[in-house]
Structure formats: structure tokens, C-alpha cells
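Student: sequence and predicted structure, then a few things I'm wondering about:
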Amino acid sequence: MKKNLITLFTLILTLVLHAQDGSERFYALMALQDAQELKKDFPNEVDILQTKRNEAAVYMTKKAGHELHERVLVHGPGYVYKPSLVDAITSLTEEKAVSSFPRMAFTITEDDLVNDAIDAVVTQNIEDHILELQGYGTRYHNRASASQAAVDLKAKWEAMATAYGRTDVSVRLYNHVSTNMPSVIMTIEGAEFPDEFVVVGGHLDSTSNQSNNNAPGADDDASGIATITEATRTLFEIGFVPKRTIEVMAYAAEEIGLVGSAEIADNYNDNNVNVISAVQFDMTNYNGSANDVSFITDYTNATLNAFLMQLLDHYNSDGDHPISYGTSLCNYGCSDHASWTSEGYMSSFPFEANFGQHNNTIHSAGDTFSVSGTADHAAKFTKLCAEYLIETAKSNGILAISDFPKDQYKLLVANKVLTYEVLNNAKAIEGISLFDISGKEVMSLAVNSNAGTISLANLATGLYVLNLQVANNTTYSKKIILK
Ligand code: BES
Ligand code: ZN
């Protein structure tokens, strides 16, 4: 008790002293060894408030934090920002209950959907998106262009969902306490278990050791945002409707201490949100090691890591989409996965290379797409992302049908007669086929006129999916009911 009082007194004294000298300081959690080294080098800039096992709660100047951040490139230490003294101390001492939700068994059952999704990955989309994000010049969390990037990403994700006619998708900005930059969260509502969440994320902000006015952040981490965006697009492309809710997250302010993800994960935990697992994509486009994917094994969950490796064994050991993997260590909670881990959730971090062999232009004006020059490496992570989302969220068995272009084709069914017509000089119809609810093709006809009728009298009443094949390998689908 006495010892506690003395500790408290020391803390208060520390606070008062620093308030007096006016230097800008902040609270953080970091590895004990790193805190001790930093304290030795900057005795007046760093206060170690409390330690537990190999971690330390510290109060330090921005200057010391910056020094630490720069060392990360060569060594690996960093820190996790804490908004207050209480947060710093409690995050150190509090044993977070590992989430008490019943654990779901990870299984591999969705082969057809997964194979279709990974076939649908378009590498060019990833390149385009990385270039688009590096085009902001800087996405440093306190710059206007960073918040603009979040607003624009929300619009981009909304447009993507709309283009595929999805009414089960919503996108929101998540406002934070410790940064003005919002995070962006896309939600695909689970059709069967909407309260079970499957999360993927990356960070939208960037930083530079030289000047935060020039921080293109192409690999760190436009690559991750492009990866999760394209993976989600492939899910829409195949009409995947998840049983569980999927959330795709672009975190704000990762570079200043995991600020965005820490607030989100903390809020989800406080509200008892059942997050099955969260996978982080931060730096996916630099091919620096013999293996394609390096699973970071510290501050991550071993069960989830093993599942992601099983996915690669199952879908990517041979065939059209080979992906190899190994493991590596960050030695610190080096990205947003650590925010989920520290809230007791299962989290993984598949990384572009072994630590130390990663892209060494990050956190500089040199982190541009041209360092890789292709998005081939990120495309592999996009496939892993789609595999994880489909196999964890699972299909509810119904495929979504995109909005049918009503202004281009007229389709009418009455008295078991189908009437079709090409409108407004739209592409010619080449064929019409029908599938019953078991997925069996029950009719297929070549069509070579711009208008006509087809008798469906020999088909049983019920629900069918009609496929309209038009010129240039395009197919539109529509549900029809025969009465
Ligand atoms: N993408 C990096 C993390 C990283 C860098 C992982 C190099 C592996 C190799 C991330 O954006 C980052 O910079 N993280 C911070 C830590 C955070 C707590 C501020 C870092 O490592 O300094
Ligand atoms: Zn970074």
C-alpha cells in the first residue's frame, strides 16, 4: 500500500514538473529494453513510469518518440501511444481477459467460391489504387489531405458496393479522440450471424522522417489499403454473401502509435463486439525475401496464423496462384494487429518480407510505387485476404445478383412467356439461359434478334436465375419467378 502511494506520488510529481517545463510529452507503452536504452541516451526526455515483465509505461518527449521511430528501420522497437497516464498504466497492469466468446473452429469448406474469387483478382486495380493514394502527397494524420483521403476512400468503397448492386454494404467514417483524421469502415452485414465479425485492415495514414509534407506511403501502407479493397471487390464480383459480418478497416494515425486501431479495438471490446479475428495488411508490395509471405509471430495469435498458413497450403501450394510463406518477428507491436491482440482478440499480420529484408524506403519521400514497379507481390496478399474472408465469414449459400441494367434491356415474364428487347442501342443479346435453385441449367438458347419471345411452358413454376449473355463476354443476371 505504502509502495503504491509512493508510486502515485512520484507520478504526480513527474506530471507537475513536466507541466512546469512546458515541453510536449506523451504517454506510451513500449518494450522495457527499448525504454531503458532510450532513457540512457535521453535521460531528461524519458520517464519510465512503471514496468511489468518486459514492458514499460513511459512518459516521453516527442523528440524521444521520434528518435525511437527512426531506430525502427534498423532495429525494430517502437511504442504504442496512450492518451493518458491512466491508460498507460492500466494497459500495462490490466490482464485483458482473452475474449470470452465461444471460439469458432476455422475450417476450409468454400473451395468453389474461393477459387472464383482468387481468379478474379485484377493486379492493375491494386496498382491504380496505390498510385491514387500516393498522389495525396502526404497522408500524415494531422494534414488536411489525410482526412480528405479518408473521405474519398469512403466514397470509393460506396461506389464499389453500388456498382455491384449491394444493399447489404455500408461505409462509415469513424471519428477519433486523439487525432482529427477519421478511420474508414466498410461493413458487409452477415446474412446469418450478423453479430459475429470478421475483420481485415490496413492503415491509411503515412509518415516521413524527412518532412511529413512529402510522405507518399506507397508501400506503407497504400499497398495494404489497395490489397483489402481489391479482395473485397472480388467478393462482390462473385456475388459472395457472408454468413458473418465482414468489416474492412482503413485505420487513421497508425504511424503515431496505432492511435486509430487502438480506439476502435478498445471500443469494440467495451461494447462486447464478437470479433472472430482481425488480419492486418501493412506493407504488401515489396518482394524482399525468398518467401512471398512472412507471418509475424509475435503480438499475433498462433491459431489464426496456423489457419492462414493452412489456407495457403490448400489454395496456393500449386496451380495458378502459387504463394510461399515463412515466419518472422517484429519484436514489437509494430502495426494495428497489436491493437486487436491487446484487447484480447485473435489477430495476424502477414508481412511482405522477413523483418529486415522489407522495403527500406518506408517513412521517407522515396516510398513510391516505382520501388516495386508492379503490384504482383500485393496481388498475392489480396488472394490470401479473399481466402481468409470467405473461409472465416462463410457463404450463406445465396449469391447476390447485381443490379440489372433496366435501361438497356427489357425482360418480362408473364404466363410462362419471356419477352426480351434491346433498348437504347445497347449491346446485342447473344444468349439467354435459365438456372433452377439447385444451380442446374434448365434452358439455354442462342439469340440473334433485338426483340422476341421465348416460351417457358415446359418449366415448373418457381424461382429461376436468368443469365443474359451480351456481346463482349458480358453476362447480366436477374431472378425471375414463373407462375
Ligand atoms: N509498417 C510499419 C511497421 C513495420 C515496419 C513492420 C517495418 C515491419 C517492418 C508501421 O507503419 C510502423 O511504422 N509502425 C511503427 C510502430 C507504431 C507503434 C508507431 C514503427 O514500427 O515504428
Ligand atoms: Zn510506418
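Tutor: Right, received. Where do you want to start? Ligands and ions are numbered 1, 2, ... in the order given.

Student: what parts of the chain come near ligand 1?
Tutor: Within reach of ligand 1 by C-beta under 6 Å from any ligand atom, the chain has these residues: 69, 72, 78-80, 220-221, 254-255, 257-258, 282-283, 330, 334-335, 351, 355, 358. For the C-beta atoms, the positions are set from N, CA and C on the backbone; glycine is no exception.

Student: now do 5 Å
Tutor: By C-beta under 5 Å from any ligand atom, the part of the chain that sits against ligand 1 consists of 69, 72, 78, 220, 257-258, 282-283, 334-335, 358.

Student: and these, which of them are buried?
Tutor: Neighbour-count burial (16 or more other C-beta atoms under 10 Å) applied to the residues of the chain next to ligand 1 gives 69, 72, 78, 220, 257-258, 282-283, 334-335, 358.

Student: going by distance to residue 189, which of the residues you listed wins?
Tutor: Among those, residue 282 lies closest to residue 189 (C-beta to C-beta), at 26.1 Å.

Student: any idea how far that closest one is from residue 351?
Tutor: Per C-beta to C-beta, to the nearest Å, residue 282 is found 7 Å from residue 351.

Student: ditto for residue 113
Tutor: Residue 113 is 26 Å from residue 351, by C-beta to C-beta.

Student: quick one: which of these two has more around it?
Tutor: For residue 113 versus residue 351, the count of surrounding residues by other C-beta atoms under 10 Å is larger for residue 351: 27 against 20.

Student: where does this structure get nearest to ligand 2, which residue?
Tutor: Going by C-beta to the ion, ligand 2 is nearest to residue 220 of the chain, at 4.3 Å.

Student: tell me the confidence at that residue?
Tutor: Per-residue pLDDT puts residue 220 at 98.

Student: tell me the contacts of the spatially closest residue to it that is not a sequence neighbour?
Tutor: Nearest residue to residue 220, sequence neighbours excluded (C-beta to C-beta, 6 or more residues apart in numbering): residue 362, at 4.0 Å. Residues near residue 362 by C-beta atoms under 8 Å, 6 or more residues apart in numbering: 73, 217, 219-220, 283.

Student: wasn't residue 388 part of a helix?
Tutor: Yes: according to DSSP: H, G, I helix; E, B strand; the rest coil, residue 388 belongs to a helix.

Student: start at 608 instead
Tutor: With 608 as the first residue, the last one maps to residue 995.

Student: these two touch, right, it and residue 918?
Tutor: Yes: Residue 995 lies in contact with residue 918 (C-beta atoms under 8 Å); the separation is 6.4 Å.

Student: so where's the chain uncertain?
Tutor: By pLDDT under 70, the weakly predicted segments of the chain are 608-629, 679-684, 701-707, 709, 1009-1010.

Student: ok so the residue nearest to residue 827 is a helix residue?
Tutor: No: Residue 969: not assigned to a helix; according to three-state DSSP it is coil.

Student: and the host helix or strand of residue 948, how far from the chain's centre?
Tutor: Assigned by DSSP states H and E, residue 948 falls within helix 944-949. Computed by C-alpha atoms, centre = their mean, to the nearest Å, the separation of helix 944-949 from the middle of its chain amounts to 14 Å.

Student: for stretch 876-894, same thing?
Tutor: Taking C-alpha atoms, centre = their mean, one finds stretch 876-894 lying 7 Å from the centre of the chain it belongs to.

Student: which residues sit in contact with the closest residue to residue 1008 other than its chain neighbours?
Tutor: Sequence neighbours aside, residue 1084 is the residue nearest to residue 1008 in space, at 4.7 Å (criterion: C-beta to C-beta, 6+ apart). Contact partners of residue 1084, counting by C-beta under 8 Å, 6+ apart, are 1008-1009, 1011, 1072-1075.

Student: could you single out the nearest of those to residue 870?
Tutor: So of the contacts of residue 1084, ranked by how close each gets to residue 870 (C-beta to C-beta), first place is residue 1009, at 35.1 Å.

Student: now for the contacts of residue 969, which pair is the farthest apart?
Tutor: So for the contacts of residue 969, where distance means C-beta to C-beta, the most widely separated pair is 680 and 824, at 14.4 Å.

Student: the two: who's more crowded?
Tutor: Neighbours per residue (other C-beta under 10 Å) separate residue 680 from residue 824, with residue 824 holding more: 32 against 15.

Student: okay, which residue is most central for the chain?
Tutor: In the chain, the C-alpha nearest the mean C-alpha coordinate belongs to residue 808, at 2.4 Å (C-alpha atoms, centre = their mean).

Student: what's the helix or strand for that one?
Tutor: According to DSSP H and E, residue 808 maps onto strand 800-810.

Student: how many neighbours does residue 786 have?
Tutor: By the measure other C-beta under 10 Å, the count of residues near residue 786 is 21.

Student: assign it to helix, strand or coil.
Tutor: Applying three-state DSSP: residue 786 is coil.

Student: residue contacts, the nearest residue to it once chain neighbours are set aside?
Tutor: Nearest non-adjacent residue to residue 786, counting by C-beta to C-beta, 6+ apart: residue 860, 4.0 Å away. Going by C-beta under 8 Å, 6+ apart, residue 860 touches 748, 783, 785-786, 788, 810, 812, 866-867.

Student: can you check residue 807 too?
Tutor: 835, 838, 853-856, 885-888, 992, 995-996.

Student: equivalent analysis for residue 686, please.
Tutor: Applying C-beta under 8 Å, 6+ apart, the residues contacting residue 686 are 635-637, 641, 665, 672, 675, 864.

Student: identify the farthest-apart pair in those residues.
Tutor: 641 and 864 (13.5 Å).

Student: residues near residue 630, how many?
Tutor: Residue 630, neighbours per other C-beta under 10 Å, totals 13.

Student: contact partners for residue 837?
Tutor: Here residue 837 is in contact with 728-729, 732-733, 736, 986, 989 (C-beta under 8 Å, 6+ apart).

Student: need these in TSV with distance to residue 1031, secondary structure and neighbour count, can you?
Tutor: Output for the contacts of residue 837, formatted as TSV (distance: C-beta to C-beta, whole Å; DSSP: H, G, I helix; E, B strand; the rest coil; neighbours: other C-beta atoms under 10 Å):
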residue	distance to residue 1031	secondary structure	neighbour count
728	33	coil	22
729	28	coil	15
732	28	helix	17
733	34	helix	29
736	32	helix	22
986	37	helix	24
989	36	helix	30
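
Student: for these, give me JSON lines that also has distance to residue 843.
Tutor: Converted to JSON lines, the contacts of residue 837 look like this (distance: C-beta to C-beta, whole Å):
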{"residue": "728", "distance to residue 843": "13"}
{"residue": "729", "distance to residue 843": "12"}
{"residue": "732", "distance to residue 843": "12"}
{"residue": "733", "distance to residue 843": "16"}
{"residue": "736", "distance to residue 843": "15"}
{"residue": "986", "distance to residue 843": "17"}
{"residue": "989", "distance to residue 843": "14"}
